[in-house]
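[1] 3D, please:
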Amino acid sequence: MRIIILLIAMIVSSVVQADDFERQQIQKRIKPAGQVKTKQEPAKAAPVKKQQVAQKKHPGEATYKQFCAVCHAAGIAGAPKFRDKAMWKSRTDSKDLAQLTQSAIKGLNAMPPKGTCMNCSAEDMKQAIKYMLPNEK
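    Predicted coordinates for the structure are as follows:
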């Protein structure tokens, strides 16, 4: 009789342990991914890096990086390299900024019209050119 009681106790204990283990596994699987805060906390401003404050972006920088840098960073197909005085000299000696802008809008040599930036305005093109010129910082 004691053996039967002992066996029943062992079976019940293992079932309870198995249920407890399964419950723990289920709880791990359905654990929330985040927490909800009910107390409203004031928003904290992101820390500003010193470089970001000191270095203001040029209005033509984004256009240059997205469309112009593909050719002008490496001087592909004769494109004057970014801020390279020697490569820009012949262009700036013969044309002013307005003429350079018109050439870029129409396309010149291997450069397609607007350098593939079909949504760029004349002002966008002008700012990108000013950003590429060697005397701009």
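
[2] quick one: average confidence on the biggest helix by length in the chain?
    Among the elements of type helix in the chain, defined by DSSP state H, the one spanning the most residues is helix 2-29. Computed over helix 2-29, the mean pLDDT rounds to 73.

[3] list the buried ones in that helix?
    Of the residues in helix 2-29, none has enough neighbours to count as buried (16 or more other CB atoms under 10 Å). Glycine gets a C-beta too; all of them are placed from N, C-alpha and C.

[4] just stretch 117-129 next, same as before
    Residues 117, 120, 124-129 are the ones in stretch 117-129 that count as buried (16+ other CB under 10 Å).

[5] repeat that for stretch 74-90.
    Along stretch 74-90, the positions that meet the burial threshold by neighbour count (16+ other CB under 10 Å) are 79-82, 87-88.

[6] now for those: which two are most distant?
    Farthest-apart pair in the buried residues of stretch 74-90 is Ala79 and Trp88; separation 10.5 Å (CB to CB).

[7] helices of the chain, start to end?
    Ranges of helices in the chain, per DSSP H, are 2-29, 50-54, 61-63, 69-72, 85-94, 97-106, 122-132.

[8] name the helices or strands packed onto the shortest one?
    Helix 61-63 makes packing contacts with helix 122-132 when contacts are defined by 3 or more CB pairs under 8 Å, 6 or more residues apart in numbering; DSSP states H and E.

[9] now do the helix it packs on against helix 97-106: the angle between them, please.
    For helix 122-132 against helix 97-106, the angle by axes from the mean of the first three to the mean of the last three CA atoms, to 10 degrees is 110 degrees.

[10] let's number from 845 now, not from 1
    Sure, I'll start counting at 845 from here, so that last one is helix 966-976.

[11] need the contact partners of helix 966-976.
    902-905, 907-908, 911-912, 916, 924, 926-927, 932, 941-942, 944-945, 948-949, 958-959, 961, 964, 980 (CB atoms under 8 Å, 6 or more residues apart in numbering).

[12] filter the residues you listed to the buried ones?
    Among the contacts of helix 966-976, those scoring as buried are 902, 904, 907-908, 911-912, 916, 924, 926, 932, 944-945, 948-949, 958-959, 961, 964 (criterion: 16+ other CB under 10 Å).
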